[in-house]
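[1] Got a sequence here, can you model it:
(2 chains)
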Amino acid sequence: MKGFPAAARRELSDTQMRANVGRATATIRAKRNVAIGELPDWEELRERGATIKDEALLDLGRQLERLEGAVVAAGGEVHWARDAAEANEIVVALARGAGARQVMKAKSLATDEIGLNDALAQSGIDALETDLAELIVQLGGDTQSHILVPAIHRNRVEIRDLFEAKLGERGLSTDPAELTAAARRYLRRRFLEIDVGISGANFAVAETGTVCVVESEGNARMCTTLPRTLITVMGIEKVIPRQEDLGTMLRLLARSATGERMSPYTSLWTGVTPGDGPQAFHLVLLDNGRTDVLADEVGRAALRCIRCSACLNVCPVYSRTGGKAYESTYPGPIGAILTPQLAGLREGQTLPWASSLCGACYEVCPVKIDIPSILVHLRGRVVRERGAGSSERLAMESLLKVFSTRRRYEAAQKVAKVAGRALSSGDRKVDASLPGLSAWTRQRDLPVPGESFRDWWRSRS
Amino acid sequence: MRVALFVTCLVDTISPSAGRATAEVLERLGHEVVFPEEQTCCGQMHANSGYASQAVTLARRFVKVFSDPAIEAIVSPSASCVGMVRDHYPRLAREVGDEELVKECEALAPRVEELSEFLTGRLGLVDVGARFPHRVTYHPTCHGLRGLRLGDGPLRLLRGVRDIELVELPDGATCCGFGGTFAVKNSDTSAAMLADKVRRVLDTGAEVCTAGDSSCLLQIGGALSRGRTGVRTMHLAEILASSG
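    Below you'll find the predicted structure:
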C-alpha cells in the first residue's frame, strides 16, 4: 500500500487529531451554513463566481498581460515564473537585493507549494510565518493540514505547550485570547525589525493591477504595509478581469471560508504609493503546472478554486483522515483534483481515488467546481496512462465480458453462489480471513449470495 | 402501467429481497411488472473507476435491453444506478463522440426512475398500503440525496407506513463510506466513515436501518452484523412491501 491509502492509515491512527479535526470542521460547517442561509441569491452568486473565473481562465494570457501592464503602470514590477525553481530563484534574488537576512510572510499557499521557505533558508534568509496557525506549524516543525486553518489538527493544550517550549513563555493558560497575545508579543517586535514582506494573493485585478489579500488577524496587513519591499507570489489563475468582480468573489469567499459576511481584513494595493507603505513592489506570476491544467477541458475547472476550504470542511474523507494524508499543500477534495493535475498525473497517483464520490464538496463549492466529475475524469486519465496489462485493467476487462452477455452473467452468478457457499462457515457470511476479500471483510461481514432475483422471478412465472 | 424493473446487478445477485419487494409493491399497486432478462450491469463501477469506454459498451447494451416502446416506465431500487443511466450515460456518450447514443440515452433518461420518485412523483402516492410495526431510521444515500435530489420523498413514503416508528438519523446526509471500489481501495478510511455512521444508527435505538440503495446497506449492514448489534438493514422497498 502506498500513496493516500497508506498515509490515511497512518493518520487515522492518531485519535487526538481525528477528534480535533472532527470538532473544528463541524464548527466551521455550522457557521458557514448560517452565513449562506442569509443570502437568498446564493445560487446566482455561485453561478456568477464560476462565470467570472471561467472568463479569466479562458482568456488567461491576455488577462495576465493586462495585469502586468497595470501593475507596472502603478510602479510595481512583474516577474514570470515557469515553475517552483524559477519562482524561488526570483524571490531569493529580490530578497538578497533588498539586503534581507529575514523576511516576514503573510499566509500563502503558493509559497508553500513552491517550498519557498526552504529555498530562502538555503540562501541564509530566515522566513518568519506571521499567520498564527502558520506560526504554530512553523514553531512545531510540523506540516499544514488545512488550506485555511493549517494547524486545525492541533488543540489549544498542544498549542500552549508549544508556545511555552518555543516562545519562552511561562504559565500560559489554554485560553485562546491569552495564547494569541503570546504570539502577538513574539511577532510585534519582528514586524518592526524586518524589511521585506512576502505574501500570496487571493485575487489580482487585471483592469487595475490591484492585488487583494483577505485574512482574519491583521498580520498579513502588517506584512504588506510595514516593510519597504513587498514581494507577492501568485498563481496565474488568481487573476480576475474587473475591479467590480471583487464584490462577487469576496462575498463568496468570506461566507464559504469562515462563515463571515466579510473577512475581518481585506487588503488591497495597487503598485507603489510614494510615502505610504512598501516603496518596492514585486509581483511574481507562478505557472508551476497551471497551464497544463488549463489544457484539460474537464480538469481545468479546478483552477476556479478560490481556496475557501468549504470542500474540506464538508468532506467525510478529509474530516476523518485530516489534511496530512493528502501529502500536499492542497488537501481535501480540491487537493485530490488539483495536486495530481499540477504534478502532471504521473503514475502512482492515488489522490483521484481518495473520495467516495459522495458529492458534498460540489454542493458547497462557491465557484461550482464539479469535483466528483473531475475525480472520475482524472481516474480515467491515470488508468489510460497506466496502459494495458495492469491487473486492474484485466479484471475490468473480464468483468465487462461477464456483463456483456446474459449467458456469461448468469453463469458468473452461479459461480458466486457456489463459491460463496464454499467459503462461508455455515452462517451465511463469507469467511473473513479470505485474502482477496479482506479489505472488505476485515471490518464488515459479507452476505453469501443465495437465490438470485432472476431465479426467483423465473420460479414464480 | 407497464413497468420494467431495472433491478441492478448488485440487487439481482447479492440483495435479491430488495428486487422482490420492488416487484411486489408495484404489482400490489396494480401495475404490470416486466423484467427484461437480458439486463446485467449498468456500468457504474467501470465508469467510476476510470474505464469510460467499457462503461459506454454497457450503456449501449442497456439502451438496447430497455428499448421496448411498450414499457411506460423503467423503475429501479437504486438511486446510484438510476443516476448512472440518467445523468452519466449522456455525458459518457458525448465523451466518446457517439451522437446516436447521446440521442438514445437522452430519450431513455426521463423514463428511468428510482422507486421512491416513481411512487411519490409519477404516481403521486405516499401511502402504498404497507404496515411495519418497528422502530426504523432512514439513511438518505449520497446518490439519492445529492445525485437524484430525491428530497423527502422516501421519508414521506415511510411516514405513510402504518404502525412504523420513524426516528431521525443524526448526520444522516454524511456518506456511509461505501463509494464502490472506494470501500476496498481506501478500506481504512471507508471503515472510519462507516464506524461513525453505525454509531449514529445505534444511537437512534432503531431496530432497522433503511435506505434506497442496497450498496450502502451492504456497507452499513456488514458492520452492524459484524458488531452483533442486532440491528438489521432493509431496503426501503422491503418496508413498503411489508404488510406487518
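
[2] Please name the residues that touch the closest residue to residue A:39 other than its chain neighbours.
    Distances taken as CB to CB, 6 or more residues apart in numbering or on different chains place residue A:45 nearest to residue A:39, at 6.7 Å, with adjacent residues excluded. C-beta coordinates here come from the backbone N, C-alpha and C atoms, glycine included. Residue A:45 sits next to A:39, A:248, A:251-252, A:366 when contact means CB atoms under 8 Å, 6 or more residues apart in numbering or on different chains.

[3] now residue A:45, what's its secondary structure?
    Under DSSP: H, G, I helix; E, B strand; the rest coil, residue A:45 falls in the helix class.

[4] Could you check how far it is from residue A:52?
    Residue A:45 sits 11 Å away from residue A:52, going by CB to CB, to the nearest Å.

[5] now the closest residue to residue A:75 other than its chain neighbours: how far from residue A:430?
    Closest residue to residue A:75 apart from its sequence neighbours, by CB to CB, 6+ apart: residue A:272 at 3.7 Å. The gap separating residue A:272 from residue A:430 is 70 Å, by CB to CB.

[6] So for these two, which sits in the more crowded spot?
    residue A:430 (22 against 18; other CB atoms under 10 Å in any protein chain shown).

[7] Ignoring the adjacent residues along the chain, who's closest to that one?
    In space, and not counting its chain neighbours, residue A:430 is closest to residue A:446: 4.2 Å by CB to CB, 6+ apart.

[8] Does the one you found touch residue A:439 like I think?
    No - using CB atoms under 8 Å, residue A:446 makes no contact with residue A:439, being 11.0 Å away.

[9] Between the two, point out the one with more neighbours.
    residue A:446 (23 against 19).

[10] residues contacting that one?
    Contacts of residue A:446 by CB under 8 Å, 6+ apart are A:429-430, A:437, A:440, B:218, B:222.

[11] For the residues you listed, please prepare a markdown table with the additional fields pLDDT, distance to residue B:150 and secondary structure.
    Converted to a markdown table, the contacts of residue A:446 look like this (pLDDT from 0 to 100; distance: CB to CB, whole Å; DSSP: H, G, I helix; E, B strand; the rest coil):
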| residue | pLDDT | distance to residue B:150 | secondary structure |
| --- | --- | --- | --- |
| A:429 | 78 | 31 | strand |
| A:430 | 78 | 31 | strand |
| A:437 | 80 | 32 | coil |
| A:440 | 88 | 27 | helix |
| B:218 | 96 | 20 | helix |
| B:222 | 96 | 24 | helix |
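
[12] Can you tell me which of those are buried?
    Buried subset of those (neighbour count, 16 or more other CB atoms under 10 Å in any protein chain shown): A:429-430, A:440, B:218, B:222.

[13] Check these against residue A:336 and report the nearest one.
    Nearest to residue A:336 out of those is residue A:440 (CB to CB; 22.6 Å).

[14] gap between the closest one and residue B:223?
    11 Å.

[15] Likewise for residue A:438?
    15 Å.

[16] Leaving out sequence neighbours, find the closest residue to the residue nearest the centre of chain B.
    Centroid-nearest residue in chain B: residue B:78, 1.7 Å away (criterion: CA atoms, centre = their mean). Spatially, and ignoring its direct neighbours in sequence, residue B:78 is nearest to residue B:8 (4.7 Å; CB to CB, 6+ apart).

[17] For the one you found, list the residues it contacts.
    B:19, B:41-42, B:76-78, B:81, B:214.

[18] Likewise for residue A:59?
    residue A:241.

[19] at 10 Å instead, please
    A:66, A:206, A:239, A:241 (CB atoms under 10 Å, 6 or more residues apart in numbering or on different chains).

[20] of all the residues you listed, which comes closest to residue A:80?
    Using CB to CB, those come closest to residue A:80 at residue A:239, 12.9 Å.

[21] Test my guess that the closest one contacts residue A:60.
    Yes - using CB atoms under 10 Å, residue A:239 makes contact with residue A:60 at a distance of 7.2 Å.

[22] which residues do the two both contact?
    Common neighbours of residue A:239 and residue A:60 (CB under 10 Å, 6+ apart) are residue A:206.

[23] Neighbour count for these two, which is higher?
    residue A:239 (23 against 18).

[24] Report whether residue B:75 is found in a strand, as I expect.
    Yes - Residue B:75 sits within a strand when classified using three-state DSSP.

[25] Excluding chain neighbours, what is closest to it?
    Closest to residue B:75 by CB to CB, 6+ apart is residue B:118, at 4.9 Å.

[26] give the contact list for the one you found.
    Contacts of residue B:118 (CB under 10 Å, 6+ apart): B:1, B:3, B:22, B:25-26, B:31, B:73-76, B:82, B:112, B:125, B:153.

[27] from those residues, which is closest to chain A?
    Nearest to chain A out of these is residue B:22 (CB to the nearest CB; 9.3 Å).

[28] still on that earlier bit, go through the contacts of residue B:118 and flag which are in helices.
    Among these, the members falling in helices are B:22, B:25-26, B:82, B:153 (criterion: DSSP state H).

[29] Could you give me the buried positions within the lengthiest helix in chain B?
    Longest helix in chain B, counting residues (DSSP H): helix B:187-203. If you call a residue buried by 16+ other CB under 10 Å, then helix B:187-203 has these buried ones: B:187-194, B:196-198, B:200-202.

[30] Make a markdown table from those residues and add pLDDT and distance to chain A to it.
    Below are the buried residues of helix B:187-203 laid out as a markdown table (pLDDT from 0 to 100; distance: CB to the nearest CB, whole Å):
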| residue | pLDDT | distance to chain A |
| --- | --- | --- |
| B:187 | 95 | 4 |
| B:188 | 96 | 5 |
| B:189 | 97 | 5 |
| B:190 | 97 | 7 |
| B:191 | 97 | 4 |
| B:192 | 96 | 4 |
| B:193 | 97 | 5 |
| B:194 | 98 | 7 |
| B:196 | 96 | 8 |
| B:197 | 98 | 9 |
| B:198 | 98 | 10 |
| B:200 | 97 | 12 |
| B:201 | 98 | 14 |
| B:202 | 98 | 15 |
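
[31] Quick one: these as a markdown table, columns for distance to residue A:164 too.
    What follows is these, written out as a markdown table (distance: CB to CB, whole Å):
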| residue | distance to residue A:164 |
| --- | --- |
| B:187 | 40 |
| B:188 | 35 |
| B:189 | 35 |
| B:190 | 39 |
| B:191 | 37 |
| B:192 | 33 |
| B:193 | 36 |
| B:194 | 39 |
| B:196 | 34 |
| B:197 | 39 |
| B:198 | 40 |
| B:200 | 38 |
| B:201 | 43 |
| B:202 | 41 |
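
[32] which residues of the chain fall in strands?
    If you meant another chain, say so; for now it's chain A. A:77-81, A:102-105, A:126-129, A:196-199, A:203-205, A:210-215, A:229-235, A:239-240, A:265-270, A:280-286 (DSSP state E).

[33] that's the wrong chain, I wanted chain B
    Applying DSSP E to chain B gives strands spanning B:2-5, B:32-34, B:73-76, B:112-114, B:135-138, B:165-167, B:208-211, B:232-235.

[34] Quick check: which of those is nearest to residue A:121?
    Going by CB to CB, the one of these nearest residue A:121 is strand B:208-211, 53.0 Å.

[35] picking that back up, who's more crowded, residue A:438 and residue B:223?
    residue B:223 (23 against 13).
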